[in-house]
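Q: sharing a model that was predicted from the sequence below.
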Amino acid sequence: MSAVLNGLTSLFIFIVGLVALGIVVLFFIDRYQTADTVRRNYPVIGRMRYILSDLGEFFRQYFFAMDREEMPFNRAQREWVNDASRKHSTNVAFGSTRNLEPVGTPIFVNCPWPTLEEDAVKAPPLVIGRGSARNPYEAPSIFNISGMSYGALSTPAVRALSNGAAKAGCWMNTGEGGLSPYHLEGGCDIVFQIGTAKYGVRDEEGNLSDDKLREVAANEQVRMFELKLSQGAKPGKGGILPAAKVNEEIAAIRGIPVGEASISPNRHTDIGNIDELLDMIARIREVTGKPVGFKTVVGAYGWLRELFAEINRRGTECAPDFITVDGGDGGTGAAPMPLIDNVGLTLREALPMLVDLRDEAGLKDRIRVIASGKLVTPSEVAWALCAGADFVISARGFMFALGCIQAMKCNKNTCPTGITTHDPALQRGLDPTNKAVRVQNFVEQMRKEVGVIAHSCGVPEPRRLKRFHVRLVCPDGRSRPLDELYPPVEAKVAV
């Protein structure tokens with residue numbers, strides 16, 4: 001017994017000695033290095049600053065931040081998505097925790113005689129590309145999955161989204177990273193996004209390949225093509241996929257070298273004006289036979305007026321079948337902070353502006369408008385429909401449905417939930433079968449609760465919502481109807 005105790009004592013003394021030696025070594029390293037002032041002035045102890053700073057992200061989220069304080073998404077938003085995706089009750093008690101006084105807060109105008117449940121109907125399918133594409137798309141869902149590339153997302157995440165989209169009857173956008181087998185696995189409708197690097201449909205020189213376009217379009221699941229001009233995370237800059245994420249499979253799908261960072265051009269090199277944009281849309285539509293549109297962040301907007309004028313000059317058959325408008329307040333991708341923070345209009349301003357310019361040109365029935373940008377709860381989706389959107393898409397909302405905890409590690413290949421990492425050990429925690437059901441539940445609950453708002457406003461289904469159904473809080477503290485702040489085209493013509 002005494003021998004065991006002596007052995008344990010010796011081991012303890014040895015470990016203490018190693019720790020003490022390590023501290024001495026760190027002391028001298030910190031004291032004589034010149035790169036970090038804090039560590040030089042406060043050896044060893046100064047290292048705690050960085051440890052505590054990293055831990056602060058998690059402590060703020062779980063212990064210190066109020067329900068509505070966090071950015072980019074607060075706890076109340078994340079918990080609604082989490083409850084909806086798990087098919088838990090989304091009801092809350094004791095009143096709203098949302099401050100309804102900040103400028104821009106939407107307040108829906110409830111009707112004294114709301115729509116009875118027996119009179120309510122689902123939002124009907126809406127056709128995209130009728131009269132222009134050989135194979136128009138009858139889109140069944142008002143709420144769909146926005147572009148997130150395979151590569152930026154992990155294999156099990158894409159699998160879960162594909163299967164969940166098929167179960168929910170909504171479309172899934174591939175993002176600019178090309179079409180992978182995992183996008184097709186669930187059998188859902190696919191929107192193929194063509195980014196500035198033409199991943200998945202490029203030739204050896206990086207140019208758009210008609211042969212590869214035909215190959216992609218031959219798959220019946222691919223229902224539309226979207227040219228990405230810009231996105232909310234980085235308007236004016238191309239996609240960024242770190243080298244650590246570019247494995248052999250991703251490189252093959254994109255048509256790029258293995259192990260090299262995938263940096264897309266900051267715009268399409270072959271699209272530099274309105275004529276080239278319309279020509280490219282016509283080319284892709286002719287080759288594929290399917291609806292074609294484009295995605296953009298609105299900043300300068302005079303070009304949109306010129307675009308619609310040129311469409312009317314050429315003939316409406318040349319128009320894009322849809323325009324996806326993204327908010328300039330950031331998205332899922334890795335991007336420079338100045339672009340995330342300060343470039344591009346928010347969706348609150350851009351969406352009604354785009355809708356009005358389209359309608360003024362008489363193209364309301366020709367061009368569908370798809371809204372994207374931080375729309376993860378029913379009130380946000382309902383606002384977009386009031387503003388004039390035909391469809392709403394979300395990326396980060398679906399990441400929350402997959403289990404995202406907003407760890408802000410999307411670009412580092414260290415995502416703790418396995419959604420944005422290619423580390424097998426981290427991916428192991430994401431079960432595609434379970435998460436596909438959560439994706440389905442999220443879509444269905446979103447459609448249901450947007451319908452609840454519509455019924456409260458006195459209309460039978462969400463697409464009947466108009467601008468007069470929502471008011472926005474203004475700087476003087478009073479709310480004003482959205483149709484007063486952004487008069488629809490009919491009102492402008494009447495004046």
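A: Everything's here; your move. Please read all numbers here as calculations on a predicted model, not as lab measurements. Residues are numbered from 1 along each chain as shown.
Q: I'd assumed residue 200 was in a helix, is it?
A: No: counting by DSSP: H, G, I helix; E, B strand; the rest coil, residue 200 is not part of a helix but coil.
Q: how about it: what's its closest non-neighbour residue?
A: residue 178 (2.7 Å; C-beta to C-beta, 6 or more residues apart in numbering). (Glycine included, C-beta is placed from N, CA and C.)
Q: the one you found: neighbour count?
A: Residue 178: 28 surrounding residues under other C-beta atoms under 10 Å.
Q: cool, residue 10 as well?
A: 10.
Q: and the helix or strand containing it, what does it pack onto?
A: According to DSSP states H and E, residue 10 maps onto helix 2-32. Packing partners of helix 2-32 (3 or more C-beta pairs under 8 Å, 6 or more residues apart in numbering; DSSP states H and E): helix 37-41.
Q: what comes up buried for the helix it packs on?
A: residue 39 (16 or more other C-beta atoms under 10 Å).
Q: before we move on, what about stretch 207-223?
A: Neighbour counts over stretch 207-223 (16+ other C-beta under 10 Å) mark 208, 209, 212, 213, 216, 217, 221, 222, 223 as buried.
Q: inside strands: which ones of those?
A: 222, 223 (DSSP state E).
Q: right, and residue 388 touches residue 370 too?
A: No: using C-beta atoms under 8 Å, residue 388 is not in contact with residue 370, being 11.2 Å away.
Q: can you give me the strands for the stretch 1-150 of the chain?
A: For the stretch 1-150 of the chain, the strands defined by DSSP state E, counting those that start in this stretch cover 106-108, 126-128, 137-139, 143-145.
Q: from residue 157, how far off is residue 488?
A: 39 Å (C-beta to C-beta, to the nearest Å).
Q: these two - which one has more neighbours?
A: Neighbour count, other C-beta under 10 Å: between residue 488 and residue 157, residue 157 has more, with 28 against 19.
Q: which helix or strand contains that one?
A: Following DSSP H and E, one finds residue 157 within helix 155-168.
Q: packing partners for that helix?
A: strand 143-145, strand 171-173, helix 181-184, helix 396-402, helix 432-456.
Q: if you set the cut-off to 6 Å instead, what comes out?
A: Contacts defined by 3 or more C-beta pairs under 6 Å, 6 or more residues apart in numbering; DSSP states H and E place helix 155-168 against helix 181-184, helix 432-456.
Q: give the buried residues for the first one.
A: With burial defined by 16+ other C-beta under 10 Å, the residues of helix 181-184 counted as buried are 182, 183, 184.
Q: kindly report the same for stretch 348-367.
A: Those would be 348, 350-359, 361, 363, 366-367, for stretch 348-367 by 16+ other C-beta under 10 Å.
Q: what pLDDT does the closest residue to residue 373 other than its chain neighbours get?
A: Counting by C-beta to C-beta, 6+ apart, residue 373 lies nearest to residue 327, which is 2.7 Å off, once chain neighbours are set aside. As predicted, residue 327 sits at a pLDDT of 85.
Q: please apply the same query to the one 3 residues further on.
A: Looking at residue 330, its pLDDT is 63.
Q: from residue 29, how far out is residue 20?
A: 15 Å.
Q: got it, and residue 105?
A: Taken as C-beta to C-beta, the span from residue 105 to residue 29 is 52 Å.
Q: show the contacting residues for the closest residue to residue 109 other than its chain neighbours.
A: Of all residues not flanking residue 109 in the chain, residue 469 sits nearest, at 5.5 Å (C-beta to C-beta, 6+ apart). Contacts for residue 469 (C-beta atoms under 6 Å, 6 or more residues apart in numbering) come out as 109, 386, 457.
Q: of these, which is the most crowded?
A: Going by other C-beta under 10 Å, residue 386 tops the contacts of residue 469 with 27 neighbours.
Q: which secondary structure element contains that one?
A: Per DSSP H and E: helix 378-387 holds residue 386.
Q: show me the shaky parts of the stretch 101-250 of the chain.
A: By pLDDT under 70, the low-scoring segments of the stretch 101-250 of the chain are 232-240.
Q: re earlier: helix or strand next in line after the helix holding residue 386, which one?
A: Sequence-wise, the next helix or strand downstream of helix 378-387 (DSSP H and E) is strand 391-394.
Q: residue 355 versus residue 159, what's the distance?
A: When distance is defined by C-beta to C-beta, residue 159 is 35 Å away from residue 355.
Q: sorry, wrong one. I was asking about residue 296.
A: On the measure of C-beta to C-beta, residue 296 and residue 355 end up 14 Å apart.
Q: please apply the same query to residue 87.
A: Taken as C-beta to C-beta, the span from residue 87 to residue 355 is 34 Å.
Q: same check, this time on residue 404
A: 30 Å.
Q: and residue 175, by the same measure?
A: 25 Å.
Q: and residue 323, helix, strand or coil?
A: For residue 323, the assignment made with three-state DSSP gives strand.
Q: same thing with residue 370?
A: Per three-state DSSP, residue 370 ends up strand.
Q: how about the one 5 residues further on?
A: When states are read from three-state DSSP, the local structure at residue 375 comes out as coil.
Q: residue 366 reaches residue 319, doesn't it?
A: Yes: judged on C-beta atoms under 6 Å, residue 366 makes contact with residue 319 at a distance of 5.3 Å.
Q: so what's the residue count around the residue nearest to residue 373?
A: 24.
Q: one more: residue 424?
A: Residues lying near residue 424 (other C-beta under 10 Å) number 10.
Q: got any ranges where the stretch 351-495 of the chain has weak pLDDT?
A: Ranges of the stretch 351-495 of the chain meeting pLDDT under 70: 490-495.
Q: go again using 90 as the cut-off
A: For the stretch 351-495 of the chain, residues meeting the criterion pLDDT under 90 lie at 373-374, 403-418, 420-430, 488-495.
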